[in-house]
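Enquirer: got a predicted model here, sequence first, then my questions.
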Amino acid sequence: MDKFDLLISEEEISSKVKEVAAKISADYEGESVVVIGVLTGAFIFTADLVRALTVPVETIDFIQLSSYKGDKSTGNFVFKKDISTDINGKNILIVEDIVDTGRTLKKLREMLTMREPKSIKICTAFDKPSRRVNELVPDYNCFTIPDEFIVGYGLDYDGKYREFKDVRIVRTEDEQ
Ligand code: IMP
Ligand code: MG
């Protein structure tokens, strides 16, 4: 059985999400925003974040990427699910679960920029800057975390543990 070490409690997440949502709302004052959640990991964070925003949310859409088979290291992605929203001229807020190497978000930002939105910003629940392979810096981040594999609050290990309300470092069977 996998074992876990608690990293961030439910209460810490909840208060930090509200803090970040307040900052986003202040930054977009007088504007409205289109929220794009990155599936699957960001589904819980997106739901919490949008409910804490006070800026008008025009629409909420989701996108899903997958890397070409065996090609993750080069950052070549295809859309598994594209958004159905026309983002031309809109303020886009991409909501992601975690930025690791930064390849996913760099590519996603490039792909969405081609559709000529008014602006694009990135908000992530967790950031592992020590793992970055490019210059990607999220505009908003709730928690900077060490180079550990975390689960919960939407993040999975092999499809499991997304439903945990807190965030835990997973110690897999092989590591024990
Ligand atoms: P990147 O392209 O390397 O930044 O990959 C980011 C993606 O890898 C995230 O959207 C997650 O799906 C996954 N990922 C990276 N680190 C973790 C982790 O610690 N736990 C769960 N998923 C992770
Ligand atoms: Mg993800």
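Expert: Received it, and whenever you're ready, just let me know what you need. Numbers count the residues shown, from 1 in each chain. Ligands and ions are numbered 1, 2, ... in the order given.
Enquirer: quick one: name the residues of the chain near ligand 2.
Expert: By the rule CB under 5 Å from the ion, the part of the chain lying against ligand 2 is Gly41, Asp97. No exception for glycine: its C-beta is placed from N, CA and C like everyone else's.
Enquirer: work out for me the element the one residue sitting closest to the centre of the chain sits within.
Expert: The centre of the chain sits closest to Glu96, judged by CA atoms, centre = their mean, with a distance of 1.0 Å. In this assignment (DSSP states H and E), Glu96 forms part of strand 91-99.
Enquirer: just to revisit the earlier point, what residues are up against the residue nearest to the centre of the chain?
Expert: Val38, Gly41, Ala42, Thr104, Leu105, Ile122, Cys123, Thr124, Ala125, Pro138 (CB atoms under 8 Å, 6 or more residues apart in numbering).
Enquirer: and those residues, which is closest to Gln64?
Expert: Nearest to Gln64 among the contacts of Glu96 is Val38, at 7.2 Å by CB to CB.
Enquirer: confirm that Leu108 sits in a strand.
Expert: No. Leu108: not assigned to a strand; according to DSSP: H, G, I helix; E, B strand; the rest coil it is helix.
Enquirer: wait, it sits on Val99?
Expert: No. Between Leu108 and Val99 there is no contact under CB atoms under 8 Å: 10.9 Å.
Enquirer: what mean pLDDT does the longest helix anywhere in the chain have?
Expert: In the chain, taking DSSP state H as the definition, the longest helix is helix 10-27. Averaging pLDDT along helix 10-27 yields 98.
Enquirer: also stretch 154-162?
Expert: Stretch 154-162 comes out with an average pLDDT of 96.
Enquirer: specify the local secondary structure of the residue of the chain found nearest ligand 2.
Expert: Proximity of the chain to ligand 2 (CB to the ion) peaks at Gly41, 3.7 Å away. Using three-state DSSP, the structure places Gly41 in coil.
Enquirer: tell me who's in contact with the closest residue to it other than its chain neighbours.
Expert: Nearest non-adjacent residue to Gly41, counting by CB to CB, 6 or more residues apart in numbering: Asp97, 3.2 Å away. The contact partners of Asp97, taken as CB under 8 Å, 6+ apart, are Val38, Gly41, Ala42, Phe45, Thr124, Ala125, Phe126, Tyr153, Gly154, Leu155.
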